[in-house]
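Q: okay, here's the prediction I keep looking at, along with the sequence it came from:
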Amino acid sequence: GEGLGAGGGLGQLDSDDMEGAENLVGLGHDDDEGSAIIDITPEDEDKLMRLGELGFDRDRCLEAYLACDRNFELAANMLLNSMSMY
């Protein structure tokens, strides 16, 4: 009987682990949208302001800037290219 009990226990652990993983993924997604977690230096802030002057809202500028590894020129190109697609 013990063998079956151990097997059942392992099965429960597996399903709990899966739920835990899904919760972690969900939390990670929420964190991406919270800019408080990202370290923005005064230099970054200046570049974001300049990107904003191109006519994009701050969230889009920040997203593009971080996606381009904080490269101002790449981020500007990315934003301008995304605009020309519409």
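A: Happy to help now that I have it.

Q: check contacts around residue 58.
A: 48, 52 (CB atoms under 8 Å, 6 or more residues apart in numbering). (Each C-beta comes from the backbone N, C-alpha and C, glycine too.)

Q: low-confidence regions, this protein specifically.
A: Across the chain, the ranges flagged by pLDDT under 70 are 1-37, 85-86.

Q: all helices for this protein, in order.
A: 2-33, 42-52, 58-67, 72-84 (DSSP state H).

Q: neighbours around residue 77, how many?
A: Residue 77 has 13 neighbours, counted by other CB atoms under 10 Å.

Q: can you give me the distance of residue 84 to residue 77?
A: 11 Å (CB to CB, to the nearest Å).

Q: got it, and residue 48?
A: Residue 48 is 15 Å from residue 77, by CB to CB.

Q: residue 44 too?
A: Residue 44 sits at a distance of 18 Å from residue 77 (criterion: CB to CB).

Q: same check on residue 50?
A: In terms of CB to CB, residue 50 sits 13 Å off from residue 77.

Q: kindly report the same for residue 62.
A: 16 Å.

Q: before we move on, what about residue 40?
A: Counting by CB to CB, the gap from residue 40 to residue 77 is 21 Å.

Q: same deal with residue 55?
A: 14 Å.

Q: same check, this time on residue 60
A: 14 Å.

Q: one more: residue 57?
A: Taking CB to CB, one finds residue 57 at 18 Å from residue 77.

Q: before we move on, what about residue 52?
A: Distance from residue 52 to residue 77, by CB to CB: 16 Å.

Q: residues near residue 80, how many?
A: When neighbours are counted by other CB under 10 Å, residue 80 comes out with 13.
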